[in-house]
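sequence plus the predicted model coming up.
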Amino acid sequence: ALAEEFSVTAFVLRATHHPEGDYPAGVEVREFPQRPRRARQVAAVASSLVFGGAYSPRLYRSKPLLSALSSAARRDRPAWVVAHAYHVGPLALGAGRPAWIDFHNLDSRIWERMGESGSSAASRAFASLQAPRVRSFEKMLLGRAAGVSCVSVPDAGEILEIAPSAAPLVVPNAVDLERYDFRGESPGDGVLLFVGDLSWAPNAEGLRWFADSVWPLVRSGLPRARMEVLGRAVPADLRRRAPDWIFRGEGGDTRPLWARADVAIVPLRAGGGTRLKILEAAACGVPVVSTTIGAEGLELAPDTEILLRDD
């Protein structure tokens, strides 16, 4: 849509194990490879603990990208430099042109919740340490950005608490209803499906809780139930917790999996923004069971359009 009005160049950080992206027509793309995620995580944790500051944006630092972006900004003088996630906000701010930052969620709130619900004392301690640091980082970005967007009204309210002078534009997440077919009935095979990147801590923590506290209840009530997980970077401890689950790794098109799922589960106990997995499931006619936090920000009617349960 932007390419209809602007000349758009995308500066993309790409993990070395990812295939080349499927980019929209009309957009010039420049890719910049990243080190393996595990190496970046270790370096970011160490840097945050030793030097202070927030962990998350350290994962996405890139001198080559910033150099190329700054050079292009001086040459082309773009109307906007858009950070498509707050993590790369400093790259946009460093380009010397008006910066727009898209907040997919308020990460500081997620860290606060992780500090309360993490599965180990170490993870809770680290999250509690990060929460105020991330909040300070968000406040800095909100104070310097020329424009800000978010995906829900609750997130907009949170932004205004951090920076009262901000004017966040709410642009809700959505799915293409022509791409996802709404089915008439469930297959009835007892398949529960979770879709999500397990390198994102709230997804992994939510599945740990589900495996320990909920899955045994499901199996006792429905012995033929099967659990499938689509998402990269499955933690080894989760495989041990749930040896009977089917882990399908990182996938592309989710539609074949939604087609054979009876239920979509969203067992998040920390989160922000809104969940695309819920929108995809709903578009396909797959019933969704979610925690309250997992579904926040979406205007779905409890008990008729979604089932909300926190136990």
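Done, it's in. Please read all numbers here as calculations on a predicted model, not as lab measurements. Residues are numbered from 1 along each chain as shown.

show me what contacts Arg133?
Ser48, Gly52, Gly53, Ala54, Tyr55 (C-beta atoms under 8 Å, 6 or more residues apart in numbering). Quick note: C-beta positions are derived from backbone N, CA and C, even for glycine.

check the offset of the helix or strand that contains it from the chain's centre.
Per DSSP states H and E, Arg133 falls inside helix 121-144. Put simply, helix 121-144 sits 16 Å off its chain's centre (C-alpha atoms, centre = their mean, to the nearest Å).

quick check: buried residues in it?
123, 126-127, 129-131, 133-135, 137-138, 141-142 (16 or more other C-beta atoms under 10 Å).

now the contacts of Arg133 in CSV, with distance to His104, neighbour count and secondary structure?
CSV is the format used below for those (distance: C-beta to C-beta, whole Å; neighbours: other C-beta atoms under 10 Å; DSSP: H, G, I helix; E, B strand; the rest coil):
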residue, distance to His104, neighbour count, secondary structure
Ser48, 21, 19, helix
Gly52, 25, 9, coil
Gly53, 20, 15, coil
Ala54, 16, 23, coil
Tyr55, 17, 22, coil
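
mind checking the SS state of Pro33?
strand (DSSP: H, G, I helix; E, B strand; the rest coil).

please renumber the chain so that the first residue is 4 from this point on.
I'll keep to 4 as the first residue from here, and by that count the last item is Pro36.

pretty sure it is in contact with Arg17, am I right?
Yes - with contact defined as C-beta atoms under 8 Å, Pro36 reaches Arg17; the gap is 5.9 Å.

anything in contact with each of these two?
Common neighbours of Pro36 and Arg17 (C-beta under 8 Å, 6+ apart) do not exist.

now the phi/psi pair for the closest residue in space to Arg186 that isn't next to it in sequence, please.
Spatial nearest neighbour of Arg186, chain neighbours left out: Gly288 (4.4 Å); criterion: C-beta to C-beta, 6 or more residues apart in numbering. Main-chain torsions, Gly288, degrees, to the nearest 10: phi 80, psi 20.

what's the most distant pair in the contacts of Arg136?
Gly55 and Tyr58 (10.5 Å; C-beta to C-beta).

specify the local secondary structure of the spatially closest residue to Arg138 that is not a sequence neighbour.
The spatially closest residue to Arg138, leaving aside those adjacent along the chain, is Ser111, at 3.8 Å (C-beta to C-beta, 6+ apart). Recorded secondary structure, Ser111: helix (three-state DSSP).

doesn't Val85 fall inside a strand?
Yes - Val85: assigned to a strand according to three-state DSSP.

if I pick it, what's in contact with it?
Contacts of Val85 by C-beta under 8 Å, 6+ apart are Ala95, Ala102, Trp103, Ile104, Asp105.

ok, which pair from these is furthest apart?
So, the contacts of Val85 by C-beta to C-beta: farthest apart are Ala102 and Asp105, at 10.7 Å.

who does Pro305 bridge with?
Under the criterion DSSP bridges, Pro305 forms beta bridges with Ile309.

check whether Val237 really touches Asp200, as I assumed.
No - the criterion here is C-beta under 8 Å, and Val237 misses it with Asp200 at 10.3 Å.

so the two - more neighbours on which side?
Val237 (19 against 12; other C-beta atoms under 10 Å).

helix/strand/coil for the more buried one?
Looking at Val237 with three-state DSSP, the answer is coil.

before we move on, back to that, show me the contacts of Val85 that map onto helices.
Cross-referencing those against helices under DSSP state H gives Ala95.

which residue of the chain lies farthest from its centroid?
Distance to the chain centre peaks in the chain at Arg78, reaching 33.0 Å (criterion: C-alpha atoms, centre = their mean).

I am finished for the moment; much appreciated.
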